[in-house]
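# When you get a sec, could you give me coordinates for this:
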Amino acid sequence: MAYDFESDLFRLLMNEPFWAALSRQISKSASKSVPTAGVRVTEDGNFDLVYNADFMGKLPDTHRKGVLKHEFYHLLLDHCLGRSPDGRKISKRWNFATDLSINCYLKGELPDFALMPEKFKYPDFLTAEDYYKRLAQDKQDEQGKCNGQHASGEGSGNAPPCDGSCGNMDSHDGWGEGNVPQEVKDLAKERLREMMKKAADAANSDSRGWGSVPADMRKEIQRFINGSIDWRAVLRAFVGSSQRANKTSTVKRINKRYPYIHSGKKVNRTANIAISVDQSGSVSDAMLEAFFGELNNLSKIATFTVIPFDTRVEPTLIYEWKKGQNRHAERVMHGGTDFNAPTEYVNKAGKFDGHIVLTDMMAPAPKPSKCRRLWMTDQNGAENPYFRNGERIIAIKVKDRQ
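Below is the predicted model:
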């Protein structure tokens with residue numbers, strides 16, 4: 001029988017609330033371009049789990065689940081977004097080190113050829129950086145040559161999947177590549193933070209808890225979730241996550257038996273974002289300039305509709321900020337503040353994927369928005385907002401402006 005990837009995921013989801021919630025947020029696709037499996041960052045800052053059905057199908061159930069969890073751990077530990085410590089795009093030593101830092105959590109769950117610290121006479125549960133230093137000192141990762149196809153895809157196209165002598169169980173292609181723009185990496189990192197938060201919330205609210213995720217790894221997850229936040233990265237993440245698939249793209253039908261498992265497909269994505277700009281005098285020129293400066297960078301991936309407002313929206317002042325254009329901050333109205341005015345405009349238009357409001361937060365709560373809404377303000381507005389409605393509020397630190 002052909003390997004049923006969705007069935008394996010379903011079994012994993014049944015017993016592991018944290019892995020389940022994380023899995024639902026990652027696209028998946030079968031491909032013979034990788035001999036085993038791997039996770040990678042896509043060109044639009046999303047995450048993709050790619051697997052070779054022939055390889056996975058030959059493994060017993062325990063090892064299949066172990067391989068899947070191995071890939072999820074690469075996301076948890078932020079391996080996909082960094083570069084090898086030696087600065088190379090693809091480093092065999094770094095590949096070894098990241099696998100060593102993961103596989104000690106999965107003993108008994110992986111194929112025999114998977115790298116384990118004891119094979120190098122190293123202790124368990126060190127960081128990838130620590131294993132990297134030890135490998136560099138001992139040069140153990142230079143021993144032996146792969147007699148099959150490398151996990152990175154090198155070698156003969158007719159060779160069998162790697163048996164482990166090359167060191168890697170999975171593909172690390174696409175990690176930290178130099179041709180990935182920094183704004184895409186920033187977008188992916190903030191998306192990853194949101195993904196982890198949702199998965200942690202799901203685990204905390206489930207009677208089964210965190211499943212097999214060990215306590216020290218939970219601490220790492222919480223540390224990542226609660227780490228310092230760059231407002232520019234949050235803005236990029238919001239814009240990027242508001243992108244919707246082009247309806248002309250072909251999308252694989254979701255399996256009716258496992259309706260919450262999403263198949264991965266390459267699609268063209270666009271985003272149409274409403275930008276409501278509070279025109280009251282308490283919104284500083286410096287904050288306006290910093291905000292518009294970052295929007296100039298984001299105009300490469302999205303189209304904005306800028307909506308100046310005070311207690312009303314003046315339709316003649318609304319303009320479209322098309323992809324690739326540069327704009328300067330300007331103040332065109334001078335009244336008070338009513339958040340219902342831009343909210344009603346955006347809700348009535350019905351064409352926006354996201355709504356960002358730049359304001360000092362000094363007005364009553366507005367009516368609900370029909371699309372995702374993000375509030376950008378100064379430090380005082382973020383710490384002492386006039387209202388709280390559960391939506392995200394991010395402080396623009398003007399001193400960080402480049």
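# quick check: longest helix of the protein.
Ranked by residue count under DSSP state H, the longest helix found in the chain is helix 182-205.
# Please name the spatially closest residue to Ser101 (chain neighbours excluded).
Nearest residue to Ser101, sequence neighbours excluded (CB to CB, 6 or more residues apart in numbering): Ala128, at 4.2 Å. Glycine gets a C-beta too; all of them are placed from N, C-alpha and C.
# one step back: what are the buried residues along the longest helix of the chain?
Of the residues in helix 182-205, 183-197, 199-200, 202-203 count as buried by neighbour count, 16 or more other CB atoms under 10 Å.
# tell me what that helix is packed against?
The contact analysis (3 or more CB pairs under 8 Å, 6 or more residues apart in numbering; DSSP states H and E) places helix 182-205 against helix 17-23, strand 37-41, strand 47-51, helix 61-76, helix 215-225, helix 231-241.
# give me that answer again for 7 Å
helix 17-23, helix 215-225, helix 231-241 (3 or more CB pairs under 7 Å, 6 or more residues apart in numbering; DSSP states H and E).
# Am I right that Leu100 is in contact with Asp130?
No. The criterion here is CB atoms under 7 Å, and Leu100 misses it with Asp130 at 9.1 Å.
# Looking only at neighbour counts, state which of those two leads.
Using other CB atoms under 10 Å as the criterion, Leu100 and Asp130 rank with Leu100 on top: 28 against 15.
# contacting residues for that one?
Shown in contact with Leu100 (CB atoms under 7 Å, 6 or more residues apart in numbering): 115, 117, 122, 131.
# Just confirm it is within a helix.
Yes. Per DSSP: H, G, I helix; E, B strand; the rest coil, Leu100 lies within a helix segment.
# Look at it and report its pLDDT.
Leu100 carries a pLDDT value of 95.
# Skip the chain neighbours and tell me the closest residue to it.
That would be Tyr131: by CB to CB, 6+ apart, it lies 4.4 Å from Leu100.
# Report the contact partners of the residue nearest to Met362 when sequence neighbours are not counted.
In this structure, Met362 finds its nearest non-sequential neighbour in Tyr386, 5.3 Å apart by CB to CB, 6+ apart. Counting by CB under 7 Å, 6+ apart, Tyr386 touches 361-364.
# Return the distance of Tyr386 relative to Ile275.
21 Å (CB to CB, to the nearest Å).
# What sits closest to Glu344 if chain neighbours are left out?
Distance criterion CB to CB, 6+ apart; nearest residue to Glu344, sequence neighbours excluded, is Lys367 at 7.4 Å.
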